[in-house]
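> From the sequence below, what's the structure:
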Amino acid sequence: MPRPGRTLHVFPDAARRQAALRTERRARGIAVGTHLLTWDDFVHALGGARELNRRPCPAMAARAVVAGLGATLGPTPFGDYVREPAFARAEADVLLDLKAGRLSPRELQDAAEVLPPERRTRARVLARLYHLYEQRLAELGLADREDVLRGAREALDRGAWPSGWDGVTGLVLHGVYDVRPSKLELLMGLAAACEARRVSLRVETPVGGSPVADAALAALFRAFENRGETMPHVDLFKADVTFEGRPFTDLGRHLFSPRAARNVLKGAVDGLSVWNATNAREEARVVSRDVRRLIDSGSAPGDIAIAYRDLGPEAGWLAEALGDLGVPVRLPWGEPLALAGPVRLALELPVLMEDGFPAERVAELVSSRYVPSLSRGGPDAPATLFALAAARDDRLGATRGKGAYDVRLEGLSRRMAAQGGKRKEDAVKVMAVRALRDRVMRLIDECRHIPQEAPAAESIAAWWKVVERLGLLDSAGPLEAREAGTLGARIEDARARDDAALAAFRQRMEALLRSLRAVGGGPRITRRVLGRWLADALRDVHLPARGPSTGAVEVLDLAEVPGRTFRHLFVAGLTEGRLPGRDPPSPLLGDAERVALNQHLTRDVFRLTGGEFDDRAPWRLTEDRLLFASALAAAEGSLSLSFAVKAAGGQEQVPSAFLEEVRRLTGHKWSTRTLPPVLPLDEVLTPPELRRTVALEALAGLTFPSLRVTEPDPAGQVLKDRFGADDWFRSARELAHMEAARLRFFGREDELPGEFTGGVQGPQLEQKLRDTFHFGLERPLSASALSKFGNCGFQGFIAYGLKVAEPVVANEEFDARGRGTFWHRVMEEVFQALKEKKLLGQAPEDIPEEVLEKAVKKASRHFAELYHVGHHELWKLAGEKAQAMARRILADPRHGLPFDPLVPEGFELRFGPAAEDKRWSDVKLMVAEDAIVFEGQIDRLDTAGVEVGVIDYKTGRLDKRTLKENLLRSDFQLPLYLYAAREAGHVGARNAAWFSLRTGDAIHLSSVLPPAELEDLLSTDPEVRQRVAEAAGLNLPNAVESLVRQLRKGDFPARPNDCGKCGYRAVCRITERRISDEGSG
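Purely as a prediction, here's the structure:
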């Protein structure tokens, strides 16, 4: 009888140990799992580091040692690369490879001489660094991974046995196949120790199934076969599942065999599906839907697995898609620690300073709840204030030793204070800008504590203090009590995730600092390299996996499948370059050098191939063959093999050679599977999908068939009758009618505006519309409002009716509107100066240069007090352009005086109730029984005695045809200016002109309209207005009255003449889509 005792099971990683523990719990109910170990736990128990009188050296500490030594090498062929964390990571990998192959520094130094001259120097540097690394580890009393393996073997050879294993009678090592010389020596030492103690040792390998797939196991089998007869207690075991009735064992047995004929298994493999999707994310969605169908048909979620080789972002896509379908899912790892909110912001700080503090990232920092020292009590929308201040970073706009944020935010607060009135909200805005400036300056000052260049440990310590002072490590605060419910649960879940991230972050950074300090501080690095060091330290760290521990669909890496079984298995991502894949080449010791060293040393120091004799193949290929064959053996019911035609980035992908091999053996042809935006009824899986499909079939399918690109479902009317009374269906019907009304309106010029296309109708709104668009003394009608309503009714409604200000986007150079305002002010100052100096009408050469310079500078100072002027160098250039513009106007034969002998008298002359001159305060028009009161500012008023002329400045070129087309359509300024002059007592005023500030040209209104039409344009006589209306002529009172009546009816059609200068395009619903020949319903 076998001796009673414990049997220890050793698994390659924690994921497979957890899977074994879950299996035991399902079978027994309670399982502690003390007899289940990972490989790292197993090696640690053997006491390898203790045997060498050293402490285990984590991978991060080993990289710190390499980094510290790299800085002492002096000039090398690697240049400044030795200071990079990527060098430390790559060199640590090379050193572990050398030690795993049992190659000493001296042997590497000697073998380097066989390499080509250009590579020989690099190999010598690596050999020297290898020697220094070994010395440094010995000085520090540290043992890296390979040292621990060596120490464990020496302890076993000495006869040592872990004290906690006294009652152990059996050891089972699961999933063993990747054995380097160092690991193989440990296994042989373990086998000898077990034989001496009469402890059974069972080494289980993955199920291959065919000689080609088993090539990865050749070295392991060869070593055990040499000692098999002398070790009866040692068993190298490869499971044979041929007799278990698994459906894909025959496929695995013929896989990759050149002797297997084409279609040898045609029709003999049931449960296999082979297909492709259009892109990688679509593939994840299709897999998720197949999983949901299996669960609906009775399969347990725990019997289903989805595997990818080198699992990456697909895990997140699957979690999202399965979550939407209500399927529980368990991922192998959680969110990368570097992507957690507070951690990501902390990692940005060094790079933030090097990049000049870009505004979008600064805005995120100063508004984030993770940075309470900056966000608590701060302004709500810092990004908006940055845009108003034209602050893009701390460099563009910096001047006189002050950063751009300091200059521009201070300028914005000053302009707001100068523009604002005495309202409380104006003062609040100014305070918000100043508060934002203080917070940004604090952020910049804190980041300056990170040294520009210093030893790595010193730089990281300084950065860590900045992180602490900004509050990134204690941003959560005390946990407040929440009401029970979904929202409260989500808040607590987010809080738990943040707490876990901060704890892991602190632990990782403290370990990094300890490692660097232990090796002397590490290399000198710059701030930008510091950012890369921090990112590298967190590169392999993930938060704990989320999801239920049992009863969930598993998402795995293909390497975790061997040794497990699933009722249904999905292997996705089967593309060339991934399965079989290619290991990334080492930047320090390439494959060519490794091949040369292996050949010179006549042994496999570096594991480059698998198999034996003529059947040897690249190691990654042999490994992937083994894993793929093991996956086939793991499926007990169905197997899905798929690939995506395009990767996540849009790159074309080629199907895997493994998939081609399956197709060759089975005759399966893959089909392309796609998911339409709205699913047909027979593919609906969840209530939300059902609602979307019902809405499409019952609404678009019957009411608006022209919107369909697929055939309507015959059950559309039945669905409409069944769900028509449900609240969600009524909401969908309203949205459908809303969108159809918009499309119909935009597609038909004769369509009247409705409630979704600019119509504001309803009995309850009639009085409100009349009050809003009364245009009385309290809120007159301006020329700019007339222009907006004339250009687009919707634009006017937003601006005047809803009082939504057009967004102002500040830039380094002010826009056309700002330039026009500035040029207007320049013209005012120039002509006032010329008038004071009695130089009006003089040629430019007769005007002293200082007169123009002073005028332009005065205008510039006034403008800069109230408006954003952009970059100071561009602002200086704008002043020079303005002065050149004035020169150009004065060089015109009319010298800027279009009405000879009229001279400038008023600039930006206000008319309407707020006019300073009472003569201009009563400008109105009678519409029915109402008086429409006008207001505005005349750009310039020229006078000579009782004769006056009005001027409308234009910043662009003038075109007579365009001016006439837009007259009383979207351009009301000049007619309204002339009308205001007549109402102010200048009866018969006829002089009006558009004046181009760009060219100095002027076009008189009288040259666009004949004298008779000009009189008709302004006439208020009822008979004249009637005659002009019947002739479809131009008349200002008629146009205003027609527009006012339309507004009071609630008609604000979104039919623009020109969208180019509209500031509301972001909220406009105008679209190029059209409805034609739609049905009724």
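> alpha carbons only for contacts and neighbour counts from here, please
Noted.
> From Pro562, how far out is the closest residue to Thr249 other than its chain neighbours?
For Thr249, ignoring the flanking residues on the chain, the nearest one in space by Cα to Cα, 6 or more residues apart in numbering is Ala633 at 5.7 Å. Distance, Ala633 to Pro562, by Cα to Cα, to the nearest Å: 8 Å.
> which residues are in contact with both of these two?
Val207 (Cα atoms under 8 Å, 6 or more residues apart in numbering).
> Looking at the two, which has the bigger crowd around it?
Ala633 (30 against 24; other Cα atoms under 10 Å).
> Apart from its chain neighbours, what residue comes closest to Thr757?
Among residues not flanking Thr757 along the chain, Arg742 sits closest, at 5.6 Å (Cα to Cα, 6+ apart).
> that older thread, wait, is the residue nearest to Thr249 part of a strand?
No: counting by DSSP: H, G, I helix; E, B strand; the rest coil, Ala633 is not part of a strand but helix.
> Now for it: which residues touch it?
For Ala633, the contact set (Cα under 8 Å, 6+ apart) comprises Val207, Val241, Arg246, Phe248, Thr249, Gly252, Thr565.
> can you check Ala284 too?
Taking Cα under 8 Å, 6+ apart, we find Ala284 in contact with Glu314, Trp317, Leu318, Ala321.
> So which of the residues you listed is surrounded by the most neighbours?
Leu318 (22 neighbours).
> Could I get the contacting residues of it?
Counting by Cα under 8 Å, 6+ apart, Leu318 touches Ala284, Arg285, Ser288.
> tell me the secondary structure for the second one?
The local conformation at Arg285, judged by three-state DSSP, is helix.
> That one - nearest residue in space that isn't next to it in sequence?
Ala321 (5.8 Å).
> Show the average pLDDT along the helix or strand containing that neighbour.
Taking DSSP states H and E as the criterion, Ala321 maps to helix 314-324. Regarding helix 314-324, the rounded mean pLDDT is 92.
> so where is the stretch 551-700 of the chain shaky, pLDDT-wise?
Nowhere does the stretch 551-700 of the chain drop to pLDDT under 70.
> who's in contact with stretch 505-516?
By Cα under 8 Å, 6+ apart, the surrounding residues in contact with stretch 505-516 are 60-61, 64-65, 68, 337, 343, 456-457, 460-461, 522, 537-538.
> and these as TSV, adding pLDDT?
What follows is the contacts of stretch 505-516, written out as TSV (pLDDT from 0 to 100):
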residue	pLDDT
Met60	88
Ala61	88
Ala64	89
Val65	90
Gly68	86
Leu337	90
Val343	92
Ala456	89
Ala457	91
Ile460	93
Ala461	94
Gly522	82
Ala537	90
Leu538	91
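> So, low pLDDT: which residues of the stretch 101-250 of the chain?
Across the stretch 101-250 of the chain, the ranges flagged by pLDDT under 70 are 227-230, 240-244.
> Now do the strands in it.
Applying DSSP state E, counting those that start in this stretch to the stretch 101-250 of the chain gives strands spanning 142-143, 168-173, 200-205, 234-238.
> Highest mean neighbour count out of the ones you listed?
Greatest average neighbour count among those goes to strand 142-143 (a mean of 24), per mean count of other Cα atoms under 10 Å.
> Now do that one: distance to the chain's middle.
Distance of strand 142-143 from its chain centroid, counting by Cα atoms, centre = their mean, to the nearest Å, is 42 Å.
> what pairs with it, and is each one parallel or antiparallel?
strand 55-56 (parallel) (DSSP bridges).
> quick check: mean pLDDT across the strand it pairs with?
In this model, strand 55-56 has a mean pLDDT of 92.
> Now do it: everything it contacts.
With Cα under 8 Å, 6+ apart, strand 55-56 has contacts from Ala49, Gly141, Leu142, Ala143, Asp144, Arg145, Val148.
> if we go to 7 Å?
Residues outside strand 55-56 that contact it (Cα atoms under 7 Å, 6 or more residues apart in numbering): Ala49, Gly141, Leu142, Ala143, Asp144.
> Tabulate the residues you listed in a markdown table, adding columns for distance to Asp493.
Formatted as a markdown table, these follow (distance: Cα to Cα, whole Å):
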| residue | distance to Asp493 |
| --- | --- |
| Ala49 | 40 |
| Gly141 | 42 |
| Leu142 | 39 |
| Ala143 | 39 |
| Asp144 | 38 |
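> what's around Pro677, how many residues?
Pro677: 8 neighbours (other Cα under 10 Å).
> May I have the residues that are in contact with it?
By Cα under 7 Å, 6+ apart, Pro677 lies in contact with nothing.
> Quick check: which element contains the closest residue to Glu446 other than its chain neighbours?
With Cα to Cα, 6+ apart as the criterion, Glu446 has its nearest non-adjacent residue at 6.1 Å, and that residue is Val466. Using DSSP H and E, Val466 sits in helix 456-469.
> which other helices and strands contact that helix?
helix 486-518 (3 or more Cα pairs under 7 Å, 6 or more residues apart in numbering; DSSP states H and E).
> in the helix it packs on, what's buried?
Buried residues in helix 486-518, counted by 16 or more other Cα atoms under 10 Å: 492, 497-499, 501-502, 504-505, 508-509, 511-513, 515-518.
> Please name the residues that touch Ser104.
Ser104 touches nothing, counting by Cα under 7 Å, 6+ apart.
> run the last query once more with 10 Å
Leu95, Leu98, Ala127, Tyr130, His131, Glu134 (Cα atoms under 10 Å, 6 or more residues apart in numbering).
> Turn those into TSV, columns for neighbour count and distance to Glu853.
Listed next are the contacts of Ser104 as TSV, based on neighbours: other Cα atoms under 10 Å; distance: Cα to Cα, whole Å:
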residue	neighbour count	distance to Glu853
Leu95	23	73
Leu98	18	77
Ala127	22	73
Tyr130	26	73
His131	16	75
Glu134	18	76
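> what's the closest of those to Pro901?
Lowest distance from Pro901 to the contacts of Ser104 (Cα to Cα) belongs to Leu95, with 93.3 Å.
> what's the distance between the spatially most central residue of the chain and Val541?
The structure's the chain has its C-alpha centroid closest to Leu339; by Cα atoms, centre = their mean the separation is 11.8 Å. Plainly put, Leu339 is 10 Å away from Val541 if you go by Cα to Cα.
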